[in-house]
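Visitor: here is my input; please provide its structure:
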Amino acid sequence: MGNREQLSAELRRELYNILNFWSSHTVDEEFGGFAGEVDANGKMVHGAEKGLVLNARILWSFSVAYNFLHEEKFLQLAHRAYDYLINHFWDKEYGGLVWAVDYKGAVSNSRKQIYGQGFGIYGLSEYYKATGKQESLDYAIKLFDLIEQHSYDAVHGGYLEALSADWQPLEDMRLSAKDANSPKSMNTHLHILEPYSNLFRVWKNDKLQDRMKSLVRVFLDKILNNRTGHLQLFFDMDWSVQSNMISYGHDIEGAWLVNEAAELVGDPDLLKESQQKTLKMVEAVMNEGMADDHSLFYEYDFDEGKMHTDRHWWVQGEAMVGLLDAYGHSGNEQFHKTFLKTWQYIKDHVVDHENGGWFGLIGDDGKPLPNEVKAGFWKCPYHNTRALIESIERIDKIPESQ
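Guide: Presented below is the predicted three-dimensional model:
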């Protein structure tokens with residue numbers, strides 16, 4: 001077995017580890033759907049709220065797992081995720097998806113976070129790809145129309161963070177308690193671009209294509225600081241910057257997602273520009289945000305003058321894809337070598353070889369921080385499932401000569 005086949009087989013084994021963990025530890029037999037939280041020991045937390053992000057990402061993960069591995073058990077779990085999402089999260093009065101339901105499935109937070117609507121599109125379009133179920137595509141298109149109708153800023157471009165249940169303006173638009181209360185954010189735009197790309201794969205619509213193109217431009221012209229090679233995080237309506245931090249995981253995730261969208265749009269000049277600018281982003285992450293063990297730090301806060309050195313599981317996963325993407329269009333061997341070292345770090349420190357799944361946070365000493373949930377409102381199977389599938393597909397495309 002050659003090096004490439006060995007690496008591919010290793011990544012595939014880890015993909016099964018993740019999918020099997022989520023299949024066996026998160027199905028909520030008592031109240032339906034999936035558990036809102038699973039603790040560090042793999043036990044379901046009774047009474048935990050069920051978040052939209054978690055449920056939409058579970059739908060995407062089991063749908064993409066079926067599309068990639070063609071195993072019936074993953075399709076069955078995708079059906080389960082789809083049914084729960086539509087029956088409990090879809091707002092029958094105002095349309096769109098509510099932010100959270102309680103452990104029994106009753107609405108507990110009805111706000112319309114645009115980030116969450118995006119993940120709805122991401123999951124529903126992937127499920128449509130798996131099943132050909134027209135209803136699923138119809139729901140995804142409805143979400144697209146709702147985002148465009150209520151969140152799109154026709155004056156300055158881009159999208160508002162959040163609206164009330166009936167799509168009215170909100171005082172507090174924050175995605176989470178740690179975020180700035182700004183009307184626009186890099187994070188929400190990234191997770192509109194990503195589902196729009198996935199929807200475009202199954203629904204070749206002119207308006208959607210146009211919006212994807214304008215989103216790529218927003219990233220290259222407004223969100224990216226072309227001097228530093230980092231994405232800026234929070235903005236006022238007119239795109240004046242309201243943050244002073246670097247998020248290394250979003251930088252390296254954004255690099256490949258912007259390229260993916262630019263490629264799907266089918267504009268060669270836009271793709272060339274995107275690849276040149278995102279290459280600088282990946283280099284900046286490697287030079288500034290990478291530890292000696294080839295893991296990525298979380299973020300740098302200029303106001304505090306401090307590097308937050310915790311290694312977040314999802315950041316390491318996105319680094320895999322960002323590095324391979326940069327290697328794919330630059331041919332620079334350094335990106336591939338760094339990918340291999342980051343993957344080694346993940347195997348050594350992030351993968352829970354004893355109990356399955358990935359640890360949430362790793363300290364400077366390479367040991368997992370205790371009491372971090374294995375599944376939760378934000379801890380989902382999508383970053384690592386996607387990182388492994390993307391890596392396998394990209395490695396399989398590398399010419400034998402390389």
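Visitor: quick one: contacts for Asn244?
Guide: Counting by CB atoms under 8 Å, 6 or more residues apart in numbering, Asn244 makes contact with 301-303. All C-beta spots, glycine's among them, are computed from the backbone N, C-alpha and C.
Visitor: if we use 7 Å, what do you get?
Guide: Going by CB atoms under 7 Å, 6 or more residues apart in numbering, Asn244 touches 302-303.
Visitor: one more: Trp99?
Guide: Contacts of Trp99 by CB under 7 Å, 6+ apart are 52, 109, 111, 113, 116.
Visitor: any chance of the residues you listed in TSV with distance to Met320, pLDDT and secondary structure as columns?
Guide: Output for the contacts of Trp99, formatted as TSV (distance: CB to CB, whole Å; pLDDT from 0 to 100; DSSP: H, G, I helix; E, B strand; the rest coil):
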residue	distance to Met320	pLDDT	secondary structure
Leu52	26	98	helix
Asn109	33	98	strand
Arg111	33	97	coil
Gln113	27	98	strand
Gly116	25	98	helix
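Visitor: now render the residues you listed as JSON lines, adding distance to Glu333 and neighbour count.
Guide: Converted to JSON lines, these look like this (distance: CB to CB, whole Å; neighbours: other CB atoms under 10 Å):
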{"residue": "Leu52", "distance to Glu333": "41", "neighbour count": "27"}
{"residue": "Asn109", "distance to Glu333": "48", "neighbour count": "14"}
{"residue": "Arg111", "distance to Glu333": "47", "neighbour count": "17"}
{"residue": "Gln113", "distance to Glu333": "41", "neighbour count": "26"}
{"residue": "Gly116", "distance to Glu333": "40", "neighbour count": "25"}
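Visitor: as TSV, the residues you listed with distance to Gly376 would be great.
Guide: Formatted as TSV, the contacts of Trp99 follow (distance: CB to CB, whole Å):
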residue	distance to Gly376
Leu52	13
Asn109	15
Arg111	19
Gln113	17
Gly116	15
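Visitor: residue contacts, Gly317?
Guide: Gly317 neighbours (CB under 7 Å, 6+ apart): 383-384, 387.
Visitor: that should have said Asn259, apologies.
Guide: Counted by CB under 7 Å, 6+ apart, Asn259 has contacts 274-275, 278, 325.
Visitor: ok, residues contacting stretch 134-145?
Guide: Taking CB under 7 Å, 6+ apart as the rule, stretch 134-145 contacts 82, 86, 95-96, 117, 120-121, 124-125, 127-128, 199, 202-203, 208.
Visitor: repeat that for 10 Å
Guide: Stretch 134-145 is contacted from outside by 59, 63, 78, 82, 85-86, 90, 95-97, 114, 116-131, 133, 192, 195-196, 198-199, 202-203, 205, 207-208, 211, using CB atoms under 10 Å, 6 or more residues apart in numbering.
Visitor: any low-confidence regions in the stretch 251-400 of the chain?
Guide: Applying pLDDT under 70 to the stretch 251-400 of the chain flags no residue at all.
Visitor: look up how far Lys337 lies from Phe219.
Guide: 27 Å (CB to CB, to the nearest Å).
Visitor: which of the two has more neighbours?
Guide: The neighbour comparison of Phe219 against Lys337 (other CB atoms under 10 Å) goes to Phe219, with 24 against 13.
Visitor: the more buried one contacts Asn225, doesn't it?
Guide: No - between Phe219 and Asn225 there is no contact under CB atoms under 10 Å: 11.2 Å.
Visitor: which neighbours do these two share?
Guide: Leu231.
Visitor: now the longest helix along the chain: buried residues?
Guide: Counting residues, the longest helix in the chain under DSSP state H turns out to be helix 3-25. Of all the residues in helix 3-25, those buried under the rule 16 or more other CB atoms under 10 Å are 7-8, 11-12, 14-15, 17-19, 21-23, 25.
Visitor: need the contact list for Val265.
Guide: When contacts are counted by CB under 10 Å, 6+ apart, Val265 touches 197, 200, 208-216, 271, 274.
Visitor: how about 8 Å then?
Guide: 209, 212-213, 216, 271.
Visitor: same deal with Gln242?
Guide: 180, 182, 234-236.
Visitor: list the buried ones in stretch 365-375?
Guide: 368, 372-375.
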